[in-house]
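[1] sequence? don't have it. structure:
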């Protein structure tokens, strides 16, 4: 009788609870930790913050199934409003300078990102997405320990960006990163169970 009850419980979990939780995993969830936001939609979880200048965001994405990896994702306003023109730069590598104001100004970190794509929000506002880079151990440590980070983009290619430098708050970063890890881990388990 105990074996039958255990089997019934396992069957209920696999038939109802896991599919239900996976269905909710694909719906957008959003959590706020001081200046950082964690959201999940589709096959990844993202944690990010807004810059001091309008339209610029900086953060990281964890793909489900690869939760130990964080990929950079930034959005920046572009001068050019023609989405087709901007998309010709997709795939171009860009060295981003990362500075921490509380650390000696000569110490900077370079991360090699690339232009992913561009999209028009409206006729007067086009956003370019930059990313696919990873932070090293030193940058990760500084982001967890300090309260501000400055990101500077190169002026080339073709002075695409309205702002090439912005400052971002790191208040709430550590909590947002932890929450993003939890969401990624839980959704990765759901994906593994449903795929087998």
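    The structure has been received and is ready for your questions. Treat the numbers as computed from the prediction; the structure is a model and nothing was measured. Numbering: from 1, shown residues only.

[2] Show me what the helix ranked longest in the chain is packed against.
    In terms of residue count, the longest helix belonging to the chain (DSSP state H) is helix 173-195. Helix 173-195 is packed against helix 18-25, strand 29-33, strand 36-40, strand 44-50, strand 57-63, helix 137-145, with contacts defined by 3 or more Cβ pairs under 8 Å, 6 or more residues apart in numbering; DSSP states H and E. C-beta: built from backbone N, CA, C; applies to glycine.

[3] With adjacent residues omitted, what lies nearest to the residue nearest the centre of the chain?
    Centrality entry for the chain: nearest residue to the mean C-alpha point is residue 60, 2.6 Å, by Cα atoms, centre = their mean. Closest residue to residue 60 apart from its sequence neighbours, by Cβ to Cβ, 6 or more residues apart in numbering: residue 70 at 4.0 Å.

[4] and what of residue 130?
    residue 74 (4.4 Å).

[5] show me what contacts that neighbour?
    Shown in contact with residue 74 (Cβ atoms under 8 Å, 6 or more residues apart in numbering): 56-59, 113, 129-131, 151.

[6] low pLDDT regions in the protein?
    Within the chain, the stretches with pLDDT under 70 are 1-28, 80-81, 105-106, 190-196.

[7] who does the helix or strand residue 127 falls within touch, helix- and strand-wise?
    Residue 127 belongs to strand 125-131 when assigned by DSSP states H and E. Helices and strands touching strand 125-131, as assessed by 3+ Cβ pairs under 8 Å, 6+ apart, comprise strand 71-77, helix 83-87, strand 109-122.

[8] swap the cut-off to 6 Å and go again
    strand 71-77, strand 109-122 (3 or more Cβ pairs under 6 Å, 6 or more residues apart in numbering; DSSP states H and E).

[9] Residue 50 touches residue 57, doesn't it?
    Yes. With contacts defined as Cβ atoms under 6 Å, residue 50 counts as touching residue 57 at a distance of 5.4 Å.

[10] and the residue nearest to residue 60, how far is that from residue 167?
    20 Å (Cβ to Cβ, to the nearest Å).

[11] the more surrounded of those two?
    residue 70 (22 against 16; other Cβ atoms under 10 Å).

[12] phi, psi of the more buried one?
    When read as degrees, to the nearest 10, the backbone of residue 70 gives phi -120, psi 120.

[13] still on that earlier bit, is the residue nearest to residue 130 bridged to anything, and to what?
    With beta bridges defined as DSSP bridges, residue 74 has these partners: residue 58, residue 130.

[14] Tell me, how many residues neighbour residue 93?
    Going by other Cβ under 10 Å, the residues that sit close to residue 93 add up to 12.

[15] Please consider this matter closed, and thank you.
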